[in-house]
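Give me the fold of what follows.
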Amino acid sequence: MKIQPIQNQYENEIIDLILNIQQKEFNVPVTLEDQPDLLNITNFYFEPGGIFLGAFIEEQLVGTIALVKFNQEAGAIRKMFVKKEFRGKEFGIAQKLLEQLIHFSTENGIQNLYLGTVTILKAALRFYEKNGFVTIEKETLPTDFPLMKPDNVFCHLKLQ
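Model (predicted):
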């Protein structure tokens, strides 16, 4: 497995991976129109100082994670998805993606990571909690946190 920064040239593969998981697997009522960031990854993620990572197995995109840097010391984790057949401890893809994003964050002066998700993604919530994230109330999010419409659970991780 190889993890690397990916940009607009992988747009079709990214959209296919993410929309299939959101819509078909978890029935989250979200469309491509609700996620304009997917149509311009370079401007949305990289320009403000964030990153978009892809995990590849035999040249196939099997996982993603992204960071939106929304102020000097805080970032929002977005687009954490792994294809169903590549999930679990035997592959460790989600863990490696998160670790690489945390490494990038600390190297770039980000001290706080936040994320929003939906309650039906119970395995995702357990994963984040296992990695030190604490569930917080929406009202305690930074005022400049980039909210996504379907999110109803929010988490925070203080980096060292």
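
From here on, just use CA atoms for contacts and neighbour counts.
Fine.

Contact partners for the residue lying closest to G63 once chain neighbours are set aside?
Leaving aside its sequence neighbours, G63 sits nearest to V82 (Cα to Cα, 6 or more residues apart in numbering; 4.1 Å). V82 makes contacts with V62, G63, T64, I93, A94, as judged by Cα atoms under 8 Å, 6 or more residues apart in numbering.

my read: the second one touches G92, true?
No. G63 sits out of contact with G92 when judged by Cα atoms under 8 Å, with a separation of 10.7 Å.

Who has more neighbours out of those two?
Higher neighbour count among G63 and G92: G63, with 25 against 12, using other Cα atoms under 10 Å.

who's that one bridged to?
Beta-bridge partners of G63, counted by DSSP bridges, are A55, V82.

what's the pLDDT at it?
The confidence metric pLDDT takes the value 98 at G63.

Okay, it and K84: tell me how far apart.
10 Å (Cα to Cα, to the nearest Å).

mind checking which helix or strand of this structure has the lowest mean pLDDT?
Within the chain, no helix or strand scores below helix 122-130, which has a mean of 93 by mean pLDDT, DSSP states H and E.

so is the residue most central in space within the chain in a helix, a strand, or just coil?
Geometric centre of the chain, nearest residue: R78, 2.8 Å, by Cα atoms, centre = their mean. Using DSSP: H, G, I helix; E, B strand; the rest coil, the structure places R78 in strand.
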